[in-house]
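A.B. asks: the following block contains a protein sequence and its predicted model.
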Amino acid sequence: MILLTRKAEFSAAHYYWNDSWTAEENERIFGRCANRNGHGHNYTLEVTVAGDVDPVTGFVVDLKLLKDILEREVVGVYDHRHLNLEIAEFAKLIPTTENIAVAIWRRLDGKIPGARLHRVRVYEMADLFADFYGEF
């Protein structure tokens, strides 16, 4: 089995807010990130797939195909969007880095021919990242 990773980037805005809390609780827990106007980040996404090398093509998965899938399923959907206001999965889910990683996993799982999803890693603010390995 070989692991293959492809990187992509996107920019998006978001805010942190729990509707079951008061405004004061949201501000105490989330600080400036609770501002309902939102703020933006440049995100780096790394998607790792696992599989066997095809003896004919030499690929686990064609990197151009993987790039196209990432563009269609993630970058084209999230880039330059306000996650809370424009992306369905974040209508009720706080778009933390962790939840973004899980949402991307769900968007990609089962959509990469010839390989299985192994890891989704999302970076924001240069050094903060969340990894998601798992199954649902």
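C.D. replies: Here it is on my side, so go on.
A.B. asks: from here on, contacts and neighbour counts on C-alpha atoms
C.D. replies: Noted.
A.B. asks: is the residue located most distally from the centre of the chain in a helix, a strand, or coil?
C.D. replies: Within the chain, the residue lying farthest from the chain centre (C-alpha atoms, centre = their mean) is Val56, at 31.9 Å. Going by DSSP: H, G, I helix; E, B strand; the rest coil, the secondary structure assigned to Val56 is coil.
A.B. asks: residue ranges of the strands in the chain, please?
C.D. replies: Remark: strands assigned in the chain by DSSP state E are 2-14, 39-51, 81-82, 116-124, 128-132.
A.B. asks: so for Asp68, which of these sits nearest?
C.D. replies: Closest approach to Asp68 among the strands of the chain (C-alpha to C-alpha): strand 2-14, 10.5 Å.
A.B. asks: tell me what that closest one is packed against?
C.D. replies: Helices and strands touching strand 2-14, by 3 or more C-alpha pairs under 8 Å, 6 or more residues apart in numbering; DSSP states H and E, are strand 39-51, helix 63-70, helix 76-78, strand 81-82, helix 83-86.
A.B. asks: any chance of the ones you listed in JSON lines, plus distance to Thr22?
C.D. replies: JSON lines is the format used below for these (distance: least, C-alpha to C-alpha, whole Å):
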{"stretch": "strand 39-51", "distance to Thr22": "20"}
{"stretch": "helix 63-70", "distance to Thr22": "37"}
{"stretch": "helix 76-78", "distance to Thr22": "28"}
{"stretch": "strand 81-82", "distance to Thr22": "22"}
{"stretch": "helix 83-86", "distance to Thr22": "18"}
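A.B. asks: and of the ones you listed, who's closest to Arg107?
C.D. replies: Taking the helices and strands packed on strand 2-14 one by one with C-alpha to C-alpha, helix 63-70 is closest: 9.4 Å.
A.B. asks: what residues does that closest one touch?
C.D. replies: Under the criterion C-alpha atoms under 8 Å, 6 or more residues apart in numbering, residues Arg6, Ala8, Leu108, Lys111, Ile112 lie in contact with helix 63-70.
A.B. asks: any idea how far Val56 is from the second one?
C.D. replies: Applying C-alpha to C-alpha, to the nearest Å, one obtains 27 Å for the distance of Ala8 from Val56.
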